[in-house]
Every structure is written in structure tokens, then in C-alpha cells.
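**Q** dropping the sequence and predicted coords here.
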There are 4 protein chains.
Amino acid sequence: MDITKIQNQLQKFAFDRDWEQFHTPKNLAMALSVEASELVEIFQWLNAEESNSPNQKQTEEINSEVADIAMYLLRFCSVLGIDLEKAIESKLERNAEKYPVNLSKGNAQKYNQRGD
Amino acid sequence: MDITKIQNQLQKFAFDRDWEQFHTPKNLAMALSVEASELVEIFQWLNAEESNSPNQKQTEEINSEVADIAMYLLRFCSVLGIDLEKAIESKLERNAEKYPVNLSKGNAQKYNQRGD
Amino acid sequence: MDITKIQNQLQKFAFDRDWEQFHTPKNLAMALSVEASELVEIFQWLNAEESNSPNQKQTEEINSEVADIAMYLLRFCSVLGIDLEKAIESKLERNAEKYPVNLSKGNAQKYNQRGD
Amino acid sequence: MDITKIQNQLQKFAFDRDWEQFHTPKNLAMALSVEASELVEIFQWLNAEESNSPNQKQTEEINSEVADIAMYLLRFCSVLGIDLEKAIESKLERNAEKYPVNLSKGNAQKYNQRGD
């Protein structure tokens, strides 16, 4: 995925509409969390099995929401000058240390809640 | 950004820890929204200006949260077989139609709230 | 529950700490949603059954989070001069109209998603 | 506010529609956070001043959302047998200890982020 290209498109989109004034990190973080909740809304009354096989209408909504989330996330990173790819790499490394296989197997609790 | 590579890493990470049982679309959507709120938390008491220049500690937290959001988003798409790049392209096209420059300039209200 | 008394306590608490400057409706809405997500976090990896019988530690966290949510909600209403009790009564009436028993039975989909 | 009366109304509402099956603590926590985000959505592009004086349409939406939040919160507490009033009292006491006036004045950072 060409992140920089998408970020440039999003910046032009905002610039053309004079929306850069609204795109503070604070507002973009809010918008991102609102879109994440719209994704949650699709699943809130479904059980685990149903959530694995969304119907056609739900699938369209899901595609729409994941795009919104990705776009606000990329826009947010762009505005604050964050290198998302590097942030992910760094987090993957830390997670590997934080959740060693032998202590984490079959246990989704966070490392700091393991209580040992 | 090599999305497929990251998605493969995330899947292996979950598989090695027997965490795939927890990674239903419903649970991943919840986890994604929780991470988005942790990003919001950093900004909740900051004004617009302050949110533009986070300090060192905030910057580290922000990098950590955007990585978590991206990783849950990629994992969610992986589990449901969603092509994120295609979803973004499709949404960019629809947004261009939905928010024409002449009607949207300087106005962040959603198209359907313009009231015309 | 004496809402007005709690709201007065919360206002005094904010006033004494010079926190009223931070308590804009925008910021309080953010803080409320962050607390709601902290409640979600407790349940994100639990299945439906497990969520019905939280352990001692989870119960303490849940009590702490529902209190935070209630307090930010009451503070938000206080700052904007909203009569929460009246808002609830009004919504209960609308919901009774929106979700008639015969059309809603066993179906948690929203009225406007019923497709008829 | 007669919380028990509202909780009884909500329980009857759910029972009459056979919705109790959907009202697990997990699902109700999700629904609560979704409503909280709908409140956030109203404010996401407003600046601090604008958020203090919502227009008529925004005020109606705000009233609707705070009612939804309160109702899901009360329903959640009802399902898990939580005494919300007691939880609030307990939290108010802890907050008074956690945020002493002399250390918190004009500083909205959480106690554990004060760094001293």
C-alpha cells in the first residue's frame, strides 16, 4: 500500500475544501475514535459466530468503516509527521518481548495483568 | 507499506500464542475502538494548539497508540478477508462525490447535514 | 439518586482545582467516551458467559468505570444545562414508538434497519 | 432521579421485546461506548467556544445521546447488580484523595502522570 500517495490525496482533499483548519490532531483523534465506534456498532448485538459471517449489507458497511478508520489514521500521522510503518515495526518488537509465547499461550490478558 | 507482510506477522503472533480464538471480528473491533480511545485520552484536556505540539512523552504514547490501531485494523481486515487498499480507494471516490468542493469549502459538516 | 447534589459536588471539585477551564462540553464528551472504552476494555476478550460473571478484580474495575462514566455524564449535563431526567423520559417515550413490540420481538436490529 | 424505576422500565422494555438475550454486559458496554461516540461526533469539528453554545438541532441530538448513554449505563448496572450510587460515592472519595487541591490546581493531568 502506498501510504504516502494516500496521505497526499487526503491532504489535497482537505486543502481543496479548506478543511485543514479542522484537522488538528485532537479533532482527528476524535474522528478516528468515532469511526472505530461505527465499526463496533455493526457487531454490538451479534454473537461471536455471527460476527464471523457478516451479510452483504454489513460487509459493505464494514468496508466503508475500515476505510474511514484507515484514512483518519493516515491523516492523523501526516499532520503530526509520524512514520506509521516505523511505529508498527517498533511496536511489533516490543510486543514480542512483552508477550513471550510460553507465558501468553491461550491467555489474552495483558502482560501487566498476569499478576506474577 | 507491505500490508500483507505485517498481516502475516500478526497472524503468526496470534497463532503462536493460541490467540486466534480471541480474534473474532467482534472482539477485534472492540479492541480497535479501545486503542482509538487511548489516543483520544492523550488529547482530551489539550487545546487545539497544544495538540499540535505534543511533548516527548506524549509523542511516544502517540506512536504506540497509532501502531496499536493500525495493527488491530490490519488484523481485523485479515480475519474478515477485507482488501483494505481497495476499500480506501473506493471510499476516496465516494467522498469526492459526496463532498463537492464548492459546497464543502470551509464547512466540515457532513453532506447530509447541510440541510439543502 | 440525588443528581443535583452529585452535580454540585463535581462542580465544587472542578472549581477548587481550577479545572473548569478544561470542562468544555467537547472535552467532557471526549473524557466520557474514553471512560466508556475503559469499560469495554474489561470485556473485550471475554465471551458472553464470562462477561456475566466478572471476577473480584474485574468487578472493582467495573464499579470504578461506571462511576467515572456517570460522573462525566452528570458533569457534561451540568455544564450545558441539560435536564438528564427529562431527556431520559423523552427518549423512553420515543423508543416505545420506534420499537413496537410486535415488530421488534427477538430482533435487536434498529428500527431503520428493518428494511420495511 | 428514581434510578430503580428507570431500570425497571428498561428491563420491562427488553423483556417485552425478548431483547434480554442481547443484553450481556459485554454487549451493553459496547452499546454504551457507541452512544458515547455519537455524542463525541457532535463536537468533533467544533472549537471549544462553539461547543459551549450548540444550536437547536445539536441540542436535540445532545439530549438524545445523553439519554441513550444514561439508559445503557443504568441497564448495564442492572444486569450486573451494580449499585451505581454507591459506586459514585466511593469514586468521589477516592478522587478527593488522588487529586489533592494543592497538587492539582490548574493541572488536568492525571495524578499518576504528574511525575513526582
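**A** Sure, I can see it.
**Q** does A:Gln58 touch A:Ile42 like I think?
**A** Yes. At 5.7 Å, A:Gln58 counts as touching A:Ile42 under the criterion of CB atoms under 8 Å. Using the backbone N, CA and C atoms, a C-beta is placed for each residue, glycine as well.
**Q** tell me which of the two has more neighbours.
**A** Between A:Gln58 and A:Ile42, counted using other CB atoms under 10 Å in any protein chain shown, A:Ile42 has the larger neighbour count: 21 against 17.
**Q** helix or strand for A:Met71, just tell me which one.
**A** Here A:Met71 is covered by helix A:56-80, with elements defined by DSSP states H and E.
**Q** that helix close to chain B?
**A** Yes. Interface with chain B: helix A:56-80 contributes A:62-64, A:66-71, A:73, A:76-77, A:80 (CB under 8 Å from any CB of the partner chain).
**Q** among these, the buried ones, what's the PyMOL command?
**A** Buried residues among those (16 or more other CB atoms under 10 Å in any protein chain shown), as a PyMOL selection:
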select buried, chain A and resi 62+63+64+66+67+68+69+70+71+73+76+77+80
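**Q** Three-state assignment for A:Leu28, please.
**A** When the structure is split into helix, strand and coil by DSSP: H, G, I helix; E, B strand; the rest coil, A:Leu28 lands in helix.
**Q** how about it: what's its closest non-neighbour residue?
**A** Setting aside the residues directly before and after it, A:Leu28 is nearest to A:Phe76 in space (CB to CB, 6 or more residues apart in numbering or on different chains), at 4.3 Å.
**Q** contact partners for the one you found?
**A** Shown here is A:Phe76, whose contacts under the criterion CB atoms under 8 Å, 6 or more residues apart in numbering or on different chains are A:25, A:28-29, A:32, A:82, B:39, B:66.
**Q** tell me the one of those residues nearest D:Glu50?
**A** Using CB to CB, A:Leu28 is the member of those that lies nearest D:Glu50, at 17.2 Å.
**Q** give me the number of residues near the closest one?
**A** A total of 23 residues lie near A:Leu28 under the criterion other CB under 10 Å.
**Q** from what I can see it touches A:Arg75, true?
**A** Yes. Using CB under 8 Å as the test, A:Leu28 is close enough to A:Arg75 to be in contact (5.8 Å).
**Q** would you mark the buried spots in stretch A:40-53?
**A** Neighbour-count burial for stretch A:40-53, counted by 16+ other CB under 10 Å, picks out A:40-47, A:51.
**Q** any idea how far the worst-scoring helix or strand of chain A on mean pLDDT is from the chain center?
**A** The helix or strand with the lowest mean pLDDT-type score in chain A, counting by mean pLDDT, DSSP states H and E, is helix A:101-104 (a mean of 88). For helix A:101-104, the distance between its averaged C-alpha position and the chain's averaged C-alpha position is 26 Å (CA atoms, centre = their mean, to the nearest Å).
**Q** same check on stretch A:44-58?
**A** The gap between the average C-alpha position of stretch A:44-58 and the chain average comes to 20 Å, counting by CA atoms, centre = their mean.
**Q** what does it contact?
**A** Counting contacts by CB under 8 Å, 6+ apart, the residues outside stretch A:44-58 that touch it are A:42-43, A:62, B:24-27, B:29, B:80, C:47-48, C:108-109, D:22, D:27, D:30-31, D:34.
**Q** please repeat the previous calculation with a cut-off of 10 Å.
**A** Stretch A:44-58 is touched from outside by A:37, A:42-43, A:59-62, B:21-22, B:24-30, B:79-80, C:47-48, C:107-110, C:113, C:115, D:19, D:21-24, D:26-34, with contacts defined as CB atoms under 10 Å, 6 or more residues apart in numbering or on different chains.
**Q** the residues you listed, buried ones only, as a PyMOL selection?
**A** Here the buried members of the contacts of stretch A:44-58 are turned into a PyMOL selection, burial being counted by 16+ other CB under 10 Å:
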select buried, (chain A and resi 37+42+43+61+62) or (chain B and resi 22+24+25+26+27+28+29+30+79+80) or (chain C and resi 47+107+108) or (chain D and resi 19+22+23+24+26+27+28+29+30+31+32+33+34)
